[in-house]
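Peer 1: I would like the atomic coordinates for the input below:
(2 chains)
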Amino acid sequence: MSSDEYDSFESGRFEPQEGRQAESGSEQAPERFDPSLLGKLFDLTEPVTVTAQMIRDYCAAIGEDNPAYNEPSPDDQLLTAPPSFAVLLKRSEKIYRCMPRYDEAFAAGQDLEYLAPIREGDRITLASSMRETYEKTGRSGKMSFVVLRSTLTNQRGETVAHIDHRFVYRS
Amino acid sequence: MVTRAPAKTFETVVIGEMLGPHAIVITREQARNYALACGMSTPRFMSDEDARREEGLPAMLTPGNMTLGILAKLVTDWLGSGSGQLARIGTTFRSFVHPGVELTLHGFVTHTDQAARSADLDVWMENEDGERLVVGTATVAFGPAE
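Peer 2: Predicted coordinates for the structure are as follows:
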């Protein structure tokens, strides 16, 4: 990401989505996260073109041997990715600039809502927002969570997946 | 390697039906390659030495989204090549998954919805001590009856 892009975010040029407040039951957002960022749409990524090699590499990485994902469709000779391929696609880095000490965060969980197949040749755009922040106290002390939501859209404007990424910081 | 299952139909889904257990070992090379494919080149995913030296971890880690992918595969293998599709999967990464250890994948059907022709499942990944390192739920949808 260029410094210009970051500066444009800082100046508020990115259009906010309709805000979404923290879910009921969650504690107040920790101070280290700016509450004004909740629900804000960060930039869209450039479209990622899904190649046959990307799908094959992904299948190899997770040991996916299902012919449905390894053999082209007889209809159009194109591959269809396994549903979880969606979580492979790289999110915009911009949102992480608003997460303090990102390198010290650990993935706490991930939710994938899979709405339509991702296929070879598709051009997928990701839009990410900070969905929720909350704190919990566990055996190892207080932990701060941040939930980022990525929405994946294909070249036809169809939403193909929502992915919620939960990260945890130990205080 | 999972034996290819016959196509699952909604009519044959039974609450309490088990998936697995399937034994797997995620190699360090697999975990590293997955992380690099995701653009995650942080030390924790590169090698034991990098994880220890750069991040103070006992050993390198398996990326969390890779474990989601492996549990999603457990479900799609169970579905086979019929009309059933994975509609949703949510996972919680409860403990670090270090490559090179023996793991087992488990699941079972917890609920079926006749109207929606869908089923919910619990899925999890556990280590040799029976500790559930990754737990989750999934929903599969079968589409309209033919």
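Peer 1: residue contacts, the closest residue to A:Phe85 other than its chain neighbours?
Peer 2: Computed as Cβ to Cβ, 6 or more residues apart in numbering or on different chains, the closest residue to A:Phe85 that is not its neighbour in sequence is A:Tyr58, at 5.2 Å. The C-beta positions use only the backbone N, C-alpha and C, and glycine is treated the same way. Contact analysis of A:Tyr58 by Cβ atoms under 8 Å, 6 or more residues apart in numbering or on different chains lists A:64, A:81-82, A:85, A:88, B:37, B:69.
Peer 1: tell me the first helix or strand C-terminal of the helix ranked longest in chain A.
Peer 2: The residue-count maximum for a helix in chain A (DSSP state H) belongs to helix A:52-62. Counting by DSSP states H and E, the element after helix A:52-62 in chain order, helix or strand, is helix A:67-70.
Peer 1: using PDB, write out every CA atom in that following helix.
Peer 2: Output of helix A:67-70 as PDB, limited to C-alpha atoms (Å, rounded to 0.1, in the frame of the first residue of the first chain):
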ATOM      1  CA  PRO A  67     -12.700 -34.400  -8.200                       C
ATOM      2  CA  ALA A  68     -15.400 -31.700  -8.000                       C
ATOM      3  CA  TYR A  69     -12.600 -29.200  -7.200                       C
ATOM      4  CA  ASN A  70      -9.700 -30.900  -9.000                       C
END
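Peer 1: the longest helix belonging to chain B to helix A:52-62, inter-axis angle?
Peer 2: The residue-count maximum for a helix in chain B (DSSP H) belongs to helix B:64-79. Between the axes of helix B:64-79 and helix A:52-62, defined by axes from the mean of the first three to the mean of the last three Cα atoms, to 10 degrees, the angle is 90 degrees.
Peer 1: show me what counts as buried in helix B:64-79.
Peer 2: Across helix B:64-79, burial judged by 16 or more other Cβ atoms under 10 Å in any protein chain shown covers B:64-79.
Peer 1: same check, this time on stretch B:49-60
Peer 2: For stretch B:49-60, a neighbour-count test (16+ other Cβ under 10 Å) marks B:50-51, B:57, B:59-60 as buried.
Peer 1: now what about it, what contacts it?
Peer 2: Here stretch B:49-60 makes contact (Cβ under 8 Å, 6+ apart) with B:28, B:31-32, B:42-48, B:61, B:96, B:98-100.
Peer 1: farthest-apart pair in these, please.
Peer 2: B:Thr42 and B:Gly100 (18.6 Å; Cβ to Cβ).
Peer 1: residues touching B:Asp142, list them.
Peer 2: Just to correct that, residue B:142 is Phe rather than Asp. Residues in contact with B:Phe142 (Cβ under 8 Å, 6+ apart) are B:9-10, B:82-85, B:117-119.
Peer 1: ok, for it, nearest residue in space, not its chain neighbours?
Peer 2: Excluding the flanking residues, the one nearest B:Phe142 by Cβ to Cβ, 6+ apart is B:Phe10, at 3.9 Å.
Peer 1: list the contacts for that neighbour?
Peer 2: Contacts for B:Phe10 (Cβ under 8 Å, 6+ apart) come out as B:84, B:112, B:117-119, B:142, B:145.
Peer 1: listing partners with orientation, what would you give for the longest strand belonging to chain B?
Peer 2: In terms of residue count, the longest strand belonging to chain B (DSSP state E) is strand B:102-113. On the basis of DSSP bridges, the sheet neighbours of strand B:102-113 come out as strand B:18-25 (antiparallel), strand B:118-127 (antiparallel).
Peer 1: turn these into CSV, columns for mean neighbour count and distance to A:Ser36.
Peer 2: Output for these, formatted as CSV (neighbours: other Cβ atoms under 10 Å in any protein chain shown; distance: least, Cβ to Cβ, whole Å):
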stretch, mean neighbour count, distance to A:Ser36
strand B:18-25, 16, 43
strand B:118-127, 21, 36
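Peer 1: redo the ones you listed as JSON lines? Include mean pLDDT.
Peer 2: Supplementary listing: the strands paired with strand B:102-113 in JSON lines, determined by pLDDT from 0 to 100:
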{"stretch": "strand B:18-25", "mean pLDDT": "96"}
{"stretch": "strand B:118-127", "mean pLDDT": "98"}
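Peer 1: who are the contact partners of the residue lying closest to B:Trp78 once chain neighbours are set aside?
Peer 2: Using Cβ to Cβ, 6+ apart and skipping residues adjacent in sequence, the residue nearest B:Trp78 is B:Leu19, 4.9 Å away. B:Leu19 sits next to B:74-75, B:78, B:105-108, B:121, B:123 when contact means Cβ under 8 Å, 6+ apart.
Peer 1: return the set of residues that bridge with B:Leu19.
Peer 2: Under the criterion used (DSSP bridges), B:Leu19 bridges to B:Gly107.
Peer 1: A:Ala127 contacts A:Thr153, correct?
Peer 2: Yes - the pair A:Ala127 / A:Thr153 is scored as a contact, 7.2 Å apart, by Cβ atoms under 8 Å.
Peer 1: no further questions, thank you.
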